[in-house]
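Enquirer: Generate a structure from the sequence data that follows.
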Amino acid sequence: MTARVASLWRYPVKAHGREEIARADLVCGQCMPFDRLWAVAHDQSQADGVEWAQCSNFTRAAKAPGLQAMTSTLDEATEHLTLSHPELGNWRGHPERDAAALVAWTAPLVPAGRAASARVVRATARGMTDSDLPSITLCNMSSHRAVSQKAGQDLSIHRWRGNIWIDGLAPWEEFDWVGKTVRIGGALLHVHERTSRCLATHANTDTGARDVAILDVLETWGHQDFSVQATVAEPGTIARDDRVTLA
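Expert: Just a heads-up that it's a prediction; the model follows:
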């Protein structure tokens, strides 16, 4: 079976919603377009969006698992965003101009005792990914199926919040790509490292409730990693069903 792109995803506001897209124009030194362009800083954070900041500066699903059930739709021309959540309903607005309303809408999802969401910051250099690289996350459908099988239930791919999902590989084959270059559609990506996972993966992406100890499942393979982090080595357009090969 030839390895191909199964789906493409972006997360306009870090940890707040997910959106499937049909294609993307990748640029060197940048993440997936509109991916983690905004982030919600908590009341103890000094992050301003000018420089990359660690995920601990932001409200995220590892601390507020209810966020995992959120979906999003972005109008690229106006940068207006629609967020949907099974408990909160819908929110519509501009993440910066309507930041106070966005923070208020998501407040019920932040557990008591956690740092409260305070403001929205815009990434001015590149997206606020968890990695200090301008990273794009490559995920393997076969590895996901292996985790689901070991967990004893059908898990959603959204637990991993990946950008590019690839089908047609062997389970965990993507780990062998570290240090190598991969061609996806019209772009080349250099694979840097495996992705270490956190408690965000424990949350059900339909309900936002923690229901599966994914980190314990991963530990049965002797690690807590899933997917790999890549950067754009040669710009180009990628789309669903594009062929994926080692360069």
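
Enquirer: in the stretch of helix or strand residue 228 belongs to, what counts as buried?
Expert: If you go by DSSP states H and E, residue 228 is part of strand 225-234. Within strand 225-234, the residues scored as buried using 16 or more other CB atoms under 10 Å are 225, 226, 227, 228, 229, 230, 231, 232, 233. C-betas here are computed from N, CA, C, even on glycine.

Enquirer: Quick one: name whatever helix or strand follows it.
Expert: Helices and strands here follow DSSP H and E; after strand 225-234, the next one along the chain is strand 236-239.

Enquirer: what's that following strand packed up against?
Expert: strand 4-10, strand 23-26, strand 187-196 (3 or more CB pairs under 8 Å, 6 or more residues apart in numbering; DSSP states H and E).

Enquirer: right, so of those, which gets closest to residue 205?
Expert: strand 4-10 (11.8 Å; CB to CB).

Enquirer: Nearest to residue 113, out of the buried residues of strand 225-234: which one, please.
Expert: Here the nearest of those to residue 113, counting by CB to CB, is residue 226; it sits at 28.2 Å.

Enquirer: Quickly list the domain ranges of this protein.
Expert: Annotated domains of the chain cover 4-30+131-246, 38-122 [automatic domain parsing].

Enquirer: I'd assumed residue 99 was in contact with residue 119.
Expert: Yes - if you go by CB atoms under 8 Å, residue 119 and residue 99 touch, sitting 6.0 Å apart.

Enquirer: coming back round to it: with distance to residue 166 and pLDDT as added columns, please give the buried residues of strand 225-234 in JSON lines.
Expert: What follows is those, written out as JSON lines (distance: CB to CB, whole Å; pLDDT from 0 to 100):
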{"residue": "225", "distance to residue 166": "16", "pLDDT": "98"}
{"residue": "226", "distance to residue 166": "13", "pLDDT": "98"}
{"residue": "227", "distance to residue 166": "10", "pLDDT": "98"}
{"residue": "228", "distance to residue 166": "10", "pLDDT": "98"}
{"residue": "229", "distance to residue 166": "14", "pLDDT": "98"}
{"residue": "230", "distance to residue 166": "11", "pLDDT": "98"}
{"residue": "231", "distance to residue 166": "17", "pLDDT": "98"}
{"residue": "232", "distance to residue 166": "16", "pLDDT": "98"}
{"residue": "233", "distance to residue 166": "17", "pLDDT": "98"}
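
Enquirer: how far is the lengthiest helix in the chain from where the chain is centred?
Expert: Assignment by DSSP state H gives helix 141-151 as the longest helix of the chain. Relative to its chain's centre, helix 141-151 lies at 18 Å (CA atoms, centre = their mean, to the nearest Å).

Enquirer: which parts of it are buried?
Expert: For helix 141-151, by 16+ other CB under 10 Å, it's 141, 142, 143, 144, 146, 147, 148, 151.

Enquirer: Would you mind listing where the chain has pLDDT under the threshold?
Expert: By pLDDT under 70, the weakly predicted segments of the chain are 1.

Enquirer: tell me the contacts of the residue nearest the centre of it?
Expert: Nearest to the geometric centre of the chain sits residue 161, at 3.3 Å (CA atoms, centre = their mean). By CB atoms under 8 Å, 6 or more residues apart in numbering, the contact list for residue 161 reads 9, 11, 18, 137, 200.
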